[in-house]
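Visitor: sharing a model that was predicted from the sequence below.
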Amino acid sequence: MSSLIRTRQKVHVPSFSLDFQRRNDTHGSGFGFPCTKEGKLLLNEIKGPGLENLVSCLAVELDALVQTEEGKLLLDELKGLLGPDKFEQCLAEKYDVTLEGIVDYSYDFWEPAQVKCDCGALVDLTDSDYNTCDKCERLYGLYGTPYIPRHLWEEPYDPEDYY
């Protein structure tokens, strides 16, 4: 017998970015780097050229960064990740940007309900009419109610009639 595994639920995905806007350019053109809500950069999520762009953007705020312990630690960590030569090269390439600050790009989505089919497969209940098991082709309604097989329906089923 089929059983409901998970009800439909809203999922919140927090996402924040430290954004820099190019001066004298279209709004929205610039750079964004993943960070926490408090603004701590998530360096493990920034790879290769992204790190180089980050250093070139931070060069604008260099005077302010070297005055705080946290700023010094960040610069040291970036120097370690890029290597001293590449780090200095990126600082010298100082981009013409302004710091926009921390921008919230968080979003929500609905995760569908899920039922465990009699055959053992999991079926996402996403369609309001028919949700088909990929393994045995059994049909389920939006709330996990099993339907009788199509060949037992009174009217012949033709998918073209519905599209």
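Guide: Right, received. Where do you want to start? Residues are numbered from 1 along each chain as shown.

Visitor: mind listing what's buried in the longest helix along the chain?
Guide: Secondary structure of the chain per DSSP state H: the longest helix is helix 69-82. For helix 69-82, a neighbour-count test (16 or more other Cβ atoms under 10 Å) marks 71, 74-75, 78-79, 81-82 as buried. (Glycine included, C-beta is placed from N, CA and C.)

Visitor: so where's this protein uncertain?
Guide: Within the chain, the stretches with pLDDT under 70 are 156-157, 163.

Visitor: where along it do the helices fall?
Guide: Here the chain has its helices, by DSSP H, at 48-58, 62-65, 69-82, 84-92.

Visitor: quick one: which of those helices is nearest T132?
Guide: The closest of the helices of the chain to T132 is helix 48-58. By Cβ to Cβ, the value is 41.5 Å.

Visitor: output the contacting helices and strands for that closest one.
Guide: Counting by 3 or more Cβ pairs under 8 Å, 6 or more residues apart in numbering; DSSP states H and E, the packing neighbours recorded for helix 48-58 are strand 30-35, helix 69-82, helix 84-92.

Visitor: how's this protein carved up into domains?
Guide: Split into domains by automatic domain parsing, the chain comes to 12-107, 112-162.

Visitor: L41: which of the helices and strands packed on helix 48-58 is closest?
Guide: strand 30-35 (4.9 Å).

Visitor: this completes my enquiry, with thanks.
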